[in-house]
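# Got a predicted structure plus its sequence, pasted below:
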Amino acid sequence: MLKKLRSAAPISMDLGLLILRFFSFAFMLTHGWPKFQKVVVGNFQFGDPVGLGSGLSLGLVVFAEFFCSILIMLGLFTRTALVFNAVTMLIAAFVVHASDPFETKEMALLYLVISVALILTGPGKYALDKK
């Protein structure tokens, strides 16, 4: 069905995936940037939601929210980067914010849904993966 849809409107589908990919993860980058700055200045204080240690947890979140967001925006190693991002958002929504109201976990769930959708569709033809 996706192939049929792609053949009917390839330009609009690929352009839509580019817009979704680029802007969603540009917004995600704004969450990763302050955490990246913490690492740069050597401040490794961070939560430890799954018992890996605060430094490693911060490093993994910075990797997912900052570096993987850049990769996704470029469309480079897109599906792999999306998996890291989806796992991070799963932990944010269902572990870190488990007891919080929906409004608090809403952003993590939104990024999770976008990540899963893009894992399923792929990055589209306007991605470095396709070059």
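It's in.

# which SSE is the most centrally placed residue in the chain in?
Against the mean C-alpha coordinate of the chain, by CA atoms, centre = their mean, the closest residue is Asn85 at 3.7 Å. Here Asn85 sits within helix 78-91, counting by DSSP states H and E.

# what distance separates that helix from the middle of the whole chain?
Relative to its chain's centre, helix 78-91 lies at 5 Å (CA atoms, centre = their mean, to the nearest Å).

# can you pull out the helices in this protein?
2-8, 10-40, 54-62, 68-74, 78-91, 102-121 (DSSP state H).

# Can you tell me the closest non-neighbouring residue to Ile70?
Leaving aside its sequence neighbours, Ile70 sits nearest to Leu29 (CB to CB, 6 or more residues apart in numbering; 7.0 Å). For every residue, glycine as well, the C-beta is placed using N, CA and C.

# Report the contact partners of the one you found.
Residues in contact with Leu29 (CB atoms under 8 Å, 6 or more residues apart in numbering) are 65-66, 69-70, 73.

# Phe84 now?
Counting by CB under 8 Å, 6+ apart, Phe84 makes contact with 60, 63-64, 68.
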